[in-house]
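S.K.: Pasting the sequence and the predicted coordinates here, then a few questions.
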Amino acid sequence: MRSFPVRLVAPGFLLALGLSACGESESACRDLSEAPFCVALLTAGPVSDAGWYAGAYEGLLQIEQRWGAQISHQQTRTASEYDEAFLAYGTEGYDLVFAHGSEYQDAAIRAGERFPETTFIVSGGGRIADNVVPLIFTLENGSYLAGMAAGGMTESGVVGMVGGVRIPPAEGVFLAFEAGVKAVRPDAEVLETWIGTWDDVAAAKEAVTSHISRGADVVVHNTDGASFGVFNAVREAADAGDPTWAIGMNRDQNDIAPEVTLGSAVIRIEDAFVEITEAWRDSEIGGAAYYAGGESEVVDFVANPAVMDRIPADLLARIDSMRTAIRSGDFDPPRVPFIEGEEGYEETGAGAGGG
């Protein structure tokens, strides 16, 4: 695997590398290997976050393992780095580039126009071109089920939601979660805080502590690296004699703080990456968004096995029944439209990260 970590190289190196490689060969990404195709991943945060970015990196590794693809990963944080990375991969002849977050969508559109032979897949993206494909995870489905769990387990009737950056996909996840809470506990109060960042552990912990002080005894997050602050705050509250539950998001996080985690609304991002890569290999994507998790197990709510004996059996049965209804298409949790052209879409600023 070749990897070009942007933060460790001099500015302009990737551009020079890409142009040099392009001048040598139309398929420079495969010059040093027998790989059938080349796949790259861009993330705006570290793949050690145990959530959104970690799942994407695992997906990249599964593509390598399954098809023998040549892979590369870069962590990019600024708009100029997005453009530089796309340019490097495009000029090197990469076939497939995953840009894991809606913040990449404008740069991906520009890159798609310049490199028509490369397919750019934008997780949670909202703009479409022939070779720019939004990968939509429908996390609302799992979030609604998580909300039902929260509504059934809260004793105080107060539930907290702590989000990163307030972007439409993340807003949709919380809209569905709140609807799930009130489907089980109609009189519940649902608190909502956006910390304005995906990775600030201290800010997330402070937000959770504030919610607990206002009576919340179940708290869900939609962040990335900041999620560790959520679990720490809930664990400390429980240790201090204030029983509180955490709910994970984006990935199965049940083992981070298993004694206080009720469950996780998961995206099996790695499965979605493999699924869409297979569709790409079969020439079945392009010119439209690709939805993962509607009728499959890509998106789910996973109750924490470590506390299963503390969750009422009738609540678990109710969640199972709703899961079946969602996957069969008999019930659709609420969501916020964010793809250009879809009904209800409104122009908004792009963001990053989970959801």
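M.R.: Structure's in. What do you need?
S.K.: domain parsing for the protein?
M.R.: 6-136, 140-267+299-328 (automatic domain parsing).
S.K.: right, and the secondary structure at P134 would be what?
M.R.: Using DSSP: H, G, I helix; E, B strand; the rest coil, the structure places P134 in strand.
S.K.: can you tell me the helix or strand for the closest residue to it other than its chain neighbours?
M.R.: Excluding the flanking residues, the one nearest P134 by Cβ to Cβ, 6 or more residues apart in numbering is G125, at 3.6 Å. For glycine as for every other residue, the C-beta is placed from the backbone atoms N, C-alpha and C. Of the helices and strands defined by DSSP states H and E, none includes G125.
S.K.: pLDDT score assigned to G125?
M.R.: Per-residue confidence (pLDDT) for G125: 92.
S.K.: S156 is in contact with R214, correct?
M.R.: No: the pair R214 / S156 is not scored as a contact, 9.5 Å apart, by Cβ atoms under 8 Å.
S.K.: out of those two, which sits in the busier spot?
M.R.: S156 (15 against 12; other Cβ atoms under 10 Å).
S.K.: For that one, list the residues it contacts.
M.R.: Going by Cβ atoms under 8 Å, 6 or more residues apart in numbering, S156 touches G215, A216, D217.
S.K.: distance of it from E117?
M.R.: As judged by Cβ to Cβ, to the nearest Å, S156 and E117 stand 56 Å apart.
S.K.: Also G160?
M.R.: 47 Å.
S.K.: So those two - more neighbours on which side?
M.R.: G160 (29 against 10).
S.K.: L262 versus D217, what's the distance?
M.R.: Distance, D217 to L262, by Cβ to Cβ: 10 Å.
S.K.: repeat for F338
M.R.: For F338, the distance to L262 - Cβ to Cβ - is 28 Å.
S.K.: Repeat that for S227.
M.R.: From S227 across to L262, the span is 14 Å (Cβ to Cβ).
S.K.: Settle it for me: which of those two has more neighbours?
M.R.: Taking other Cβ under 10 Å, S227 and L262 do not tie; S227 has more neighbours (29 against 25).
S.K.: so what's that one closest to, chain neighbours aside?
M.R.: In space, S227 is closest to H221, 5.2 Å off (Cβ to Cβ, 6+ apart).
S.K.: Quickly list what the one you found is bridged to.
M.R.: Beta-bridge partners for H221, by DSSP bridges, are V162.
S.K.: Isn't it up against V162?
M.R.: Yes: H221 is within contact range of V162, at 4.8 Å (criterion: Cβ under 8 Å).
S.K.: quick one: the strands in the chain?
M.R.: 38-43, 70-75, 96-99, 119-123, 132-136, 158-163, 189-194, 218-222, 245-250, 261-267, 290-291, 299-303 (DSSP state E).
S.K.: Turn those into a markdown table, including distance to F86.
M.R.: Converted to a markdown table, those look like this (distance: least, Cβ to Cβ, whole Å):
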| stretch | distance to F86 |
| --- | --- |
| strand 38-43 | 8 |
| strand 70-75 | 10 |
| strand 96-99 | 7 |
| strand 119-123 | 7 |
| strand 132-136 | 11 |
| strand 158-163 | 28 |
| strand 189-194 | 29 |
| strand 218-222 | 27 |
| strand 245-250 | 24 |
| strand 261-267 | 24 |
| strand 290-291 | 19 |
| strand 299-303 | 28 |
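S.K.: Worst mean pLDDT among the ones you listed?
M.R.: Taking the mean pLDDT of the strands of the chain, strand 290-291 comes last: a mean of 91.
S.K.: May I see the buried residues of stretch 117-132?
M.R.: Buried residues in stretch 117-132, counted by 16 or more other Cβ atoms under 10 Å: 118-129, 131-132.
S.K.: quick check, nearest of these to D271?
M.R.: Relative to D271, the closest of those is S123; by Cβ to Cβ it sits at 13.4 Å.
S.K.: ok, that closest one to V133 distance?
M.R.: For S123 relative to V133 (Cβ to Cβ), the value is 10 Å.
S.K.: same deal with A246?
M.R.: When distance is defined by Cβ to Cβ, A246 is 34 Å away from V133.
S.K.: So between those two, which is more surrounded?
M.R.: A246 (31 against 25).
S.K.: if I look at the nearest residue to T118 once chain neighbours are set aside, how far off is M161?
M.R.: Nearest residue to T118 in three dimensions, chain neighbours excluded: G90, at 5.3 Å (Cβ to Cβ, 6+ apart). Applying Cβ to Cβ, the value for G90 to M161 is 39 Å.
S.K.: So between the two, which is more surrounded?
M.R.: Neighbour totals were compared for G90 and M161, and M161 leads with 28 against 21 (other Cβ under 10 Å).
S.K.: Does that one touch W194 like I think?
M.R.: No: judged on Cβ under 8 Å, M161 makes no contact with W194 at a distance of 9.1 Å.
S.K.: if we can go back for a sec, mind checking which of the contacts of S156 are buried?
M.R.: For the contacts of S156, a neighbour count by 16+ other Cβ under 10 Å gives the buried set as A216, D217.
S.K.: any idea which of the contacts of S156 is the one closest to W280?
M.R.: A216 (42.7 Å).
S.K.: Excluding chain neighbours, what is closest to that closest one?
M.R.: Per Cβ to Cβ, 6+ apart, closest to A216 is G160, 3.8 Å.
S.K.: how much space between that neighbour and I285?
M.R.: 38 Å.
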